[in-house]
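1. Take this sequence and fold it.
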Amino acid sequence: MFRRRHERRGQTLVEFALILPIFLLLLMGIFDFGRAVYAYNTVSNAARQAVRLAIVDQEPSKIQDLAAKQAASLGIDPSTVTIKFVNPDLSSGQPCDVVPVLNGCIVEVTVPYTYRAATPIIGNLIGPISISSTSRLPVERTYP
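-> Coordinates of the predicted model:
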């Protein structure tokens, strides 16, 4: 007696159709997570580079432009970069937000960015994420 061979192509196709969307969503999630890590590293590097310029040249427009240039791939607007000069010794009574900035004052540069996921499903689940980085260093040289 001969047994008839059962075709399994239909079952494999159905299983593949059920697994494919889940696999693609997982793959896109990994892709979006990588983009978020890249954005965080880029913002951190931009803040670090801008504060390094700020310790020797306290002109706000140059500092903001450098931060935006360092994060050019993210499209950061230079006007969103904030710069503050803080006096670490509050008992001295001397403000640090005057020109020329005193040596020893702390310069603080903050670079903000709003991350949005590329995948619509993941973007709807997590929404936009605010990423910012702040770097602080003491002023080393001032220009009148």
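2. Tell me the span between the first and last residue of stretch 84-98.
-> Distance between the boundary residues of stretch 84-98 (Cα to Cα, to the nearest Å) amounts to 11 Å.
3. what is the mean pLDDT for that stretch?
-> When pLDDT is averaged over stretch 84-98, the result is 72.
4. mind starting the numbering at 57 from now?
-> Sure thing, new numbering starts at 57, so read that last one as stretch 140-154.
5. Only the buried residues of stretch 95-114, if you could.
-> Using 16 or more other Cβ atoms under 10 Å as the test for burial, stretch 95-114 gives 95-96, 98-111, 114. Quick note: C-beta positions are derived from backbone N, CA and C, even for glycine.
6. for the protein, what spans make up the helices?
-> Remark: helices assigned in the chain by DSSP state H are 65-110, 116-126, 176-182.
7. wait, V99 sits on Y169?
-> Yes: counting by Cβ atoms under 8 Å, V99 does reach Y169; the two are 5.0 Å apart.
8. which residues are common contacts for these two?
-> Any residue near both V99 and Y169 by Cβ atoms under 8 Å, 6 or more residues apart in numbering counts here, and that gives 127, 130, 132, 187-188.
9. As CSV, these with pLDDT and neighbour count would be great.
-> Conversion of the shared contacts of V99 and Y169 to CSV gives the following (pLDDT from 0 to 100; neighbours: other Cβ atoms under 10 Å):
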residue, pLDDT, neighbour count
A127, 95, 24
L130, 96, 17
I132, 95, 22
I187, 96, 17
S188, 96, 15
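10. Now tabulate those residues in JSON lines and tack on distance to L74.
-> Supplementary listing: these in JSON lines, determined by distance: Cβ to Cβ, whole Å:
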{"residue": "A127", "distance to L74": "41"}
{"residue": "L130", "distance to L74": "37"}
{"residue": "I132", "distance to L74": "42"}
{"residue": "I187", "distance to L74": "36"}
{"residue": "S188", "distance to L74": "41"}
